[in-house]
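Engineer: After the sequence you'll find the predicted model.
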Amino acid sequence: AASATKSVMSSGKKTPATLSSDSVINFARGDPTMYHSYWSKLGDRCTMVIPGNDLMSYFSDAGNLCWFLMPELDHAVRRLHRVVGNAVADDDRFIVVGTGSTQLFQALLYALSSPDEPEPISVVAAAPFYSSYPEETEFLRSGLYKWAGDAYSFDKDGPYIEVVTSPNNPDGAIREAVVNREGGKLVYDLAYYWPQYTPITHRADYDVMLFTFSKATGHAGSRIGWAIVKNKEVATKMVKFIELSSIGVSKESQLRAAKILGVISDDCQDSGPNKEETLFEYGQRLLSERWERLREVVERNGVFSLPKYPQDYCNFSGKYTDPSPAFAWLRSKEGLNCDNLLREHNIVTRGGTTFGVGSKYTRISMLSPDEEFNLFLERLSAIKGTGKGNC
Ligand code: PMP
């Protein structure tokens, strides 16, 4: 049974054929396998054939500042942001492609720090924060930057980097910078600022913005992310970092991403009579159904609580929509260790302490295949409280 889950994690090709009643279901990772069913419906529209003699050079666009960025991806990214209206990606902004936005985050730590500073620059994010930020910042024990924890309690003078994740991973909150002091450099991680997760209320126009193919479309395995950067020096340093860490980014992946992003833009702009459901409509429909069912179960069993999200006007869809975040941030009302409690019921989640808060919280991915999500709800509804401290 556990191997059924494993086969999903490793191949990402199909939903598990059988999940037995005692199989462990893993909701700890944010693997966006939910989208598989959408792309299956599109048949061959995204299929690519790459001849053996194609894409062989290291170089993609030697004249461009980001010389390993395929012009096709550059074009597709800027077009999609124009179509969706979620970020300004005009021609005067630099696009830097990375092997996932994970690589770009590290490139930014390098680009926004300086060897001339007397001590490493502090890196902060408001808790609860995405658990990879502290890990990636601390991993190499760099002399250039260091993790300084929760932005809410950061009070050190001097330069700092604040990562603002909006909507936030893990709790789905819409966020702004919290430190707001001189010498601050802001990185906006907008991995989830897409219409299936949240109403698009404005065109983001920050100095540095990160996006990822993984969460926009579900193609996490292609490992493509992009940064939109205003400052040329920052972009140049990021390119240098990627040059040294991987001499660029897979061209096959870039072309596949360009093709798929192009198909999404085409579909969003299609106003014909046979218009199909777009990726964003599909994602929004599925996620809001899941959120509704999850809220029903949580309300019925009374053991947990979930954050509430205000409805807002979405400029992209032209209507008021409810946010439907990619993760559920579950809190035990009785103050119990939420992750342990769910593990007892064969549900693996990621506990609050990895996100810089207490263990009464845990994070659950909402992007799993249907069968796993259904089993999760079934198990969740069977959990009973102890009756102590229930309020
Ligand atoms: N930022 C956030 C907020 C994320 O949730 C994730 C993926 N979990 C990433 C960055 C990394 O994405 P990628 O797959 O592009 O490395």
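Structural biologist: That came through, no problem.

Engineer: list the helices and strands the single longest helix found in the chain packs on?
Structural biologist: For the chain, the helix reaching the highest residue count under DSSP state H is reported as helix 279-301. When contacts are defined as 3 or more CB pairs under 8 Å, 6 or more residues apart in numbering; DSSP states H and E, helix 279-301 packs onto helix 36-41, helix 251-269, strand 327-332, helix 370-381. Backbone N, C-alpha and C define where each C-beta goes, glycine included.

Engineer: SS state for residue 363?
Structural biologist: strand (DSSP: H, G, I helix; E, B strand; the rest coil).

Engineer: contacting residues for it?
Structural biologist: For residue 363, the contact set (CB atoms under 8 Å, 6 or more residues apart in numbering) comprises 28, 169, 170, 327, 328, 329, 330, 349, 350, 351, 352, 355.

Engineer: Scan the residues you listed and report the most crowded one.
Structural biologist: In terms of neighbour count, residue 170 stands highest of the contacts of residue 363 at 28 neighbours, by other CB atoms under 10 Å.

Engineer: I'd like to know how far residue 202 sits from residue 184.
Structural biologist: Taking CB to CB, to the nearest Å as the measure, residue 202 falls 21 Å from residue 184.

Engineer: which SSE is the residue positioned nearest the centre of the chain in?
Structural biologist: Residue closest to the mean C-alpha point of the chain, counted by CA atoms, centre = their mean, is residue 191 at 3.9 Å. Here residue 191, judged by DSSP states H and E, is contained in no helix and no strand.

Engineer: There's contact between it and residue 209 in this structure, I believe.
Structural biologist: No: using CB atoms under 8 Å, residue 191 and residue 209 do not qualify as a contacting pair, with a distance of 10.1 Å.

Engineer: right, and the helices and strands packed on helix 279-301 - which one's nearest residue 151?
Structural biologist: Between residue 151 and these, the shortest gap by CB to CB is with strand 327-332, which sits at 17.8 Å.

Engineer: Provide the contact partners of the helix or strand hosting residue 244 at residue level.
Structural biologist: Residue 244 belongs to helix 232-246 when assigned by DSSP H and E. Outside of helix 232-246, the residues that reach it under the criterion CB under 8 Å, 6+ apart are 65-68, 94, 96, 98-99, 103-104, 106-108, 110-112, 207-208, 227, 229, 248-249.

Engineer: how about 6 Å then?
Structural biologist: When contacts are taken as CB atoms under 6 Å, 6 or more residues apart in numbering, the neighbours of helix 232-246 outside the stretch itself are 65, 66, 94, 96, 99, 107, 110, 111, 229.

Engineer: Can you give the strand pairings for the strand or helix carrying residue 188, parallel or anti for each?
Structural biologist: Here residue 188 sits within strand 184-189, counting by DSSP H and E. The pairing partners recorded for strand 184-189 under DSSP bridges are strand 160-165 (parallel), strand 208-212 (parallel).
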